[in-house]
Every structure is written in structure tokens, then in C-alpha cells.
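Asks: One predicted model, sequence on top.
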2 protein chains.
Amino acid sequence: MSIEAVDFFYLSMPKVEDIGDGSQDALVVRVTADGVEGWGECEASPLVSIAAFVTPMSHGACKPVRDVVLGRAIESAYDIAAIHAAVEMECMDLLQAAHTFSGIEMALWDLLGRKLNAPVYELLGYTKVYPKLPYASQLFGDTPQETLLGCRKARDSGYRAVKCGWGPFGRCTLELDRDHLQAAREGIGPDGTLLIDAGQIFREDVDAAARRIEFLEEVNTVWLEEPFLGGAYEAYAALAAKSGNVKLAGGEASHNFHMAQQLIDYGRVGFIQIDCGRIGGIAPAKRAADYAAARGVTYVNHTFTSHLALCASLQPYAGLESHRICEYPFAPKQVAWDMSETHLTPDSNGLVHVPAAPGLGITMSVTGMRKYMVEVEISTHGKVLYRSPVL
Amino acid sequence: MSIEAVDFFYLSMPKVEDIGDGSQDALVVRVTADGVEGWGECEASPLVSIAAFVTPMSHGACKPVRDVVLGRAIESAYDIAAIHAAVEMECMDLLQAAHTFSGIEMALWDLLGRKLNAPVYELLGYTKVYPKLPYASQLFGDTPQETLLGCRKARDSGYRAVKCGWGPFGRCTLELDRDHLQAAREGIGPDGTLLIDAGQIFREDVDAAARRIEFLEEVNTVWLEEPFLGGAYEAYAALAAKSGNVKLAGGEASHNFHMAQQLIDYGRVGFIQIDCGRIGGIAPAKRAADYAAARGVTYVNHTFTSHLALCASLQPYAGLESHRICEYPFAPKQVAWDMSETHLTPDSNGLVHVPAAPGLGITMSVTGMRKYMVEVEISTHGKVLYRSPVL
């Protein structure tokens, strides 16, 4: 069979707010081949990823993703790898192509799994899978009291792990940062897993980040996420050398396998966080998981959107028993919930299981998606290059 | 003064061919502040970079570039750095933003130079500048005879350096690769500078690349460019350890300073090639030039489009005397030539001089640009988000 159609559905809340919540919009991708459908999702900025699919060719190594994907054979995992390699070469100078292709690649795995009646993790080679411990991801409150209440709410909702990030952290005084950290620990309780996300606030300033290590250790923080700009490996390695029991985490922005590899080798992170909607899809994420596991680094998904993205993001490390933590969209906006009929809810022990169902194991909701559709039209020279398909 | 307007002009040849010629289209940027204009150019895929300027916000760290740039103060180099830092944080999850901003950043330097009546290189701190030796960049021929004729033509046109790339190299037999290399040397003559560009053909296969080293050495190749995928630093370093007199070159895809730094530190290249239209503009390129110079690595511009891009790309290393080679658009398509009234032609010694004129020192041609304008319209929900401005 060959790829007959790739359709993009840009979904959005009616109003997108200027807050660190990535679940406010989504770019859902549907791939069709020989009557079988597969679904995937690209991370962030739907309009730009659509443009990368249809943009006019600039030259031989800067083609629209469309030209490389449509009509290609899709019979096996090998075909997915071949299509990815072709995109890397023929869309080499089109930066956004990695994000556009990520959603398509997910959809190809979903499609292949449905065709072969196998969960994607089986196609990746896992024969046994393990549940994950979801953490509730939230912003620091404006005050320590708000941070405390937020973490307590997560605990009361059954979460045994919480991540606080962004907000005032690193922007206020050391003392206030310490108060927020203490509040977070108090909120999640003494036995809870506490994770902290600095949101790149220290850019390349190792000393500024290092001054917080003592406070992070006091409250038994498992990881400090993205203290620096994504590519500032020297800064990561310098901080890792003095961060004691607090491991560094990062990697969500990796838009190819090598960036993940580098953050492990040169940045010395203890946790590598991969977003399947950015790294090129599920296969490069699996490669990153294998690479991490072989080096004693723990793989974690990065997922701040839908349960479709969540299901995709669990596949690459579903079979790695000791890589136990997973990011879980704790309080997503309605669009991220409504787009699928099925969801992954934690079991009575608070653990999340990857679905034992063909493909990614998620049933999409056409009715749910329709409510949030953003109609896009792009034209050049007055001729329509792209118009949102009817769902 | 503050940034009042940022206008994009998407120019293209009527027909773009599937060949490795990056001069077939262009995205020119005009920035206006307090009645002063500055011009810049983004590399590759104009439509996608325009979309990144106007795309609806996805969340607080994924804003359209427009929202971060318009209205910002622009009085000094410090302001340019501050705007760049803001784009890095507020467009963090918008991959294409780096390319979009690169052209804007160039235009801001041009504008500032015109306002302060100083060439950009002076604003960067250079008090003396040096001419560069341009190389004629061309594709390998389909046959060794064609390669020979191409290189001979470059020599006959006054070029003392030539680069052959892409085409059959690495895709055919070892013997045929050797014949092409010998032909290139014969064409440029025994004293010419010969550079070879593999166009990432070996992906991560060090052995495949290493088998060509002997042939590259036979014809006294100065550099082997991009043997591997841009992020495959391990492969670069492994080949660099056995490439003898042939230095490795790469870095054109760097979309921030750190990627250039990493290719130097971990990839062990001897030449770092920076495209100001991708790395975030002139300031991060200057930082890469300083970093390279301090480590015995030679900086080279990557420029395959217009003389506006060429002038911008020379600024970061204009004052580095021993970094002597420059990429020069040897036979650009008409659009890349016509868009400016002024051009940088080699002097009687075949050397290129950065203009000693305010800003980037190039006068754009409105008449020339108009001939190639691609009208773009982007709408969401039936409301126009972007329409090409009138030039």
C-alpha cells in the first residue's frame, strides 16, 4: 500500500492565553493508505507546520514535506525509516519540516499497527510493557501558598509525583525560590516525587543555577529540568558536575536523534525528555531511549497536549521497566481532551498503562475535533495552495 | 526609535528547479524605524518563515515572531541582542523562528548602521577589514568531463578557488568519485584552491566517507564539507581523526550559536561555515567567528543567494585576516542578482571587499524585486492574517 492522503486538522481553544500551557491548540494529522487510517500530532504552532507541508520548493534540498511523503510505500517499519531518511535529505534546509514530519511519522506507526493488528510497541520490538508513574505537570504559583495548594491538589487527585515549573522560579530572590520549593514539597507530601522545571531561565549562567542546588536538595528534588538554553551543553555539564543528588533533565526541543544523543553525552543529563511530536516521531525517540538506557540515563516522555500524543510518547520506552516516570497532561484544556473518544486514565495504583490495542490504541473523536477546527487557507499568486480539509 | 514595521518580500524565479541551487528564491525583509530602513534576507522556504512571523500563538513560549519584535526599541547593538534573547524565550517552541528572525536581525544591523552612519563591521568592533578569496560554488557534473569543464570555466572567469558538490559524488563507484576529483583539480589548475561538498551523502557512515580520503588528498583538497548529517558529531570527529591534510567543514544549518560551537568542539571541523540567514543573524555569527578564531578553526560564510546576503555574511569575519576564503554566489539565478542595484564584484586580484559604507552597504532595487514578487495570503477562520505588502 502507499500513502494516499495526509490531512491536517488545526484545533484550537477559542482564546489562547499567554501562559505556559501547551494544550491550548493542536495539529492533528491523519494519514490514509489503502483504506486504513492512522493518526498523529505535531507539537506547537500548527500553521507553520502546515506551511512546511505545502510551501513551494526552494531548491532540491528544500522541498515541501508533501512532495517527499505522498505516494510512498508503507508496508513495514523499514518504509517509515526510509521516508524519514528521505525527508531529512530532501527537506534538509526546511527547519520546520522536523515538526511537520513528527506527526506524520506517528500516524504512519498507528496506521501500520492497525493494518498488522499489533500495538506500536510490539512493532518496535517490545514483548512486555510496564506501567508508568505519571507526574502532574503544573506552573509554580504566583506565591508559595499558591504553589502549595497546587501540589496538594495534585496529591489529593491521586498523583504521587508532581512537577512545578516556570512562573516566578529563577526570576525572584533566592529566598523566594526556596519558599516555593519548600511549599511544593509540603504540597506533594514527604513521599511524593518532586520535579522542578526552570524553563531555560538561567540561559547560560551556571552560577545562577548553582545557587539553587542547595535548596533543591533540601526538598529532595529528583530532577532540575532545562536550567539553560537547549543547546548550552557546556552549561549543563558544568552544573551536572556540582548538582549532587539532583539530576539534570532536558531534551524536549530535540528535533532529531542526534540532539538527544548530544545532551546525554555532552550535557550530562540524568533524564532525557523526548517529545515525539518534535524529534521526528516514534522511531527516533525509540533510538534515543535505547541510547539513554545503554548509558544509565533515564528516558522520559515530554507531553503537554492530548492523549493521542501521550499514547504515542509512551511507545518508545513502554518496555523499559526502570524508566518509570511519565509526563501526563494533568489538567489539559478541553480541546486536548475532546479530540479523542478514549483516554489513558491512571489505574487504582495511580499508574498509567500503554494501551494493548492495535496502533497507538486511541480512538479519535470527529465530533470532538470539529468543535475546535481552525479553517486555514494559504495561497500564492492568488491560487490556493492549502485549504483545511473537511473532517 | 522603535521598530514600526517588518515587511517580507517573497521573491522567486517563475520556475524553481529540483537542483541544488539556493538562489532560485529569496525572502527579503525590510525593517522600518523612525523613517530609517534596513534590509535583510532569510534563508530558504520563504512561505514557512512568513508563517512563523504571523502564526497564532500556541502558548506563552510559542508566540509568532511578530509579537516579540514589533514596537521594540532599536537604538544600539545591545537592543538587537535583547530582541534576539526575547525571541529565543518567547518563540522557544517555534522551530522556524530562528530562520525568520535571522533576516530581521540582519535588517536591524543594516538599519542601525545607516542611522549611525557606520558599516556594520565597525559596530561589531572591527577597525580594519581584509579582502576575501571567493570560491566559485558549483555542482559536480554528471560526468567527470562536465566537472572538468565547470571548474575550468570558473578558473577562466578569474576564480582561484572552486567548490564542487552534490551531484554524483558519494552515490557512484569509488573509481568514478576519484575521476570526478581528478577532473575538478585539472579544471581549476594545479595552484587553485579545491573544496569538496559531500552534501551529507554518507549520513553517519564514517567508513564510506573515509574511503574517499585518499582520493581527496591526491588532488590536494582543502576541505571536505558536510560528509554527514549536520548533527552527527561523532561521525565528524571520527573522520576528522583520519582525514590527514583534508580538513572537515560544516555548520551551515546551525540555527543558533551553540550548534556552531558544538560542531567545533565535538565534531572537530577545521572550517566552520555559518549562514547568517539561519543562525539568528549577524551577532550570533560574529560570536561563532570569535569562538572559532580562538580555537584555530577557520570561519567561512555560507551564502548561496543574493549580494545582500553576501554582504551580511562577510560582516562577522571581515576583520579576521587569516580567515580568507569566502563563499561567493558564482552563477546565481537572475532573481538573486536583480534584487539589488549594487553588487560585490571581485577586484582585479580576484578578491572580494566588504563595502565601506553605512549598514550592510547594499542598495536594494525595488524595480528588480517587483519582477519576482510572489503574492502570499494566509487566512484563518476566513480572516486575513497575512497579505504580501505592496513594494
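Replies: Ah, there it is.
Asks: helices and strands of chain A: which one bottoms out on pLDDT?
Replies: Lowest by mean pLDDT, DSSP states H and E among the helices and strands of chain A is strand A:133-139, with a mean of 92.
Asks: which other residues reach the helix or strand following that one?
Replies: Note on strand A:133-139: by DSSP states H and E, the next helix or strand toward the C-terminus is helix A:144-156. Contacts to helix A:144-156, defined as Cβ atoms under 8 Å, 6 or more residues apart in numbering or on different chains, come from residues A:136, A:138-141, A:162, A:164, A:176, A:179-180, A:182-189, A:192, A:330. Quick note: C-beta positions are derived from backbone N, CA and C, even for glycine.
Asks: Next, the angle from helix A:144-156 to strand A:133-139.
Replies: With axes from the mean of the first three to the mean of the last three Cα atoms, to 10 degrees applied, the angle from helix A:144-156 to strand A:133-139 works out at 150 degrees.
Asks: in its sheet, what does whichever helix or strand comes after helix A:144-156 sit against?
Replies: Downstream of helix A:144-156, the next assigned helix or strand under DSSP H and E is strand A:161-165. Neighbouring strands of strand A:161-165 in its sheet, by DSSP bridges, are strand A:133-139 (parallel), strand A:193-197 (parallel).
Asks: Output these as JSON lines; include the columns mean neighbour count.
Replies: Shown next, in JSON lines, are the strands paired with strand A:161-165 (neighbours: other Cβ atoms under 10 Å in any protein chain shown):
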{"stretch": "strand A:133-139", "mean neighbour count": "23"}
{"stretch": "strand A:193-197", "mean neighbour count": "24"}
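Asks: So which of those is nearest residue B:317?
Replies: strand A:193-197 (37.9 Å; Cβ to Cβ).
Asks: Centre of the chain to the next helix or strand after the closest one, how far?
Replies: As assigned by DSSP H and E, the chain's next helix or strand after strand A:193-197 is helix A:206-210. A distance of 27 Å separates the centroid of the chain from that of helix A:206-210, by Cα atoms, centre = their mean, to the nearest Å.
Asks: Could the C-alpha coordinates of the next helix or strand after helix A:206-210 be exported in CSV?
Replies: Note on helix A:206-210: by DSSP H and E, the next helix or strand toward the C-terminus is helix A:213-218. C-alpha atoms of helix A:213-218 as CSV (Å, rounded to 0.1, in the frame of the first residue of the first chain):
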residue,chain,number,x,y,z
ILE,A,213,21.0,23.5,44.1
GLU,A,214,21.2,23.5,47.9
PHE,A,215,17.5,24.4,48.1
LEU,A,216,16.6,21.8,45.5
GLU,A,217,18.5,19.2,47.5
GLU,A,218,16.8,20.3,50.8
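Asks: List the buried residues for helix A:213-218?
Replies: By neighbour count with 16 or more other Cβ atoms under 10 Å in any protein chain shown, helix A:213-218 contains the buried residues A:213, A:215, A:216.
Asks: Tell me what angle the helix or strand following that helix forms with strand A:133-139.
Replies: Following helix A:213-218 in sequence order, the next helix or strand is strand A:221-225 (DSSP H and E). Comparing the axes of strand A:221-225 and strand A:133-139 via the same axes, to 10 degrees yields an angle of 60 degrees.
Asks: Pairing partners for strand A:221-225, with directions?
Replies: Using DSSP bridges, strand A:221-225 pairs in its sheet with strand A:193-197 (parallel), strand A:247-250 (parallel).
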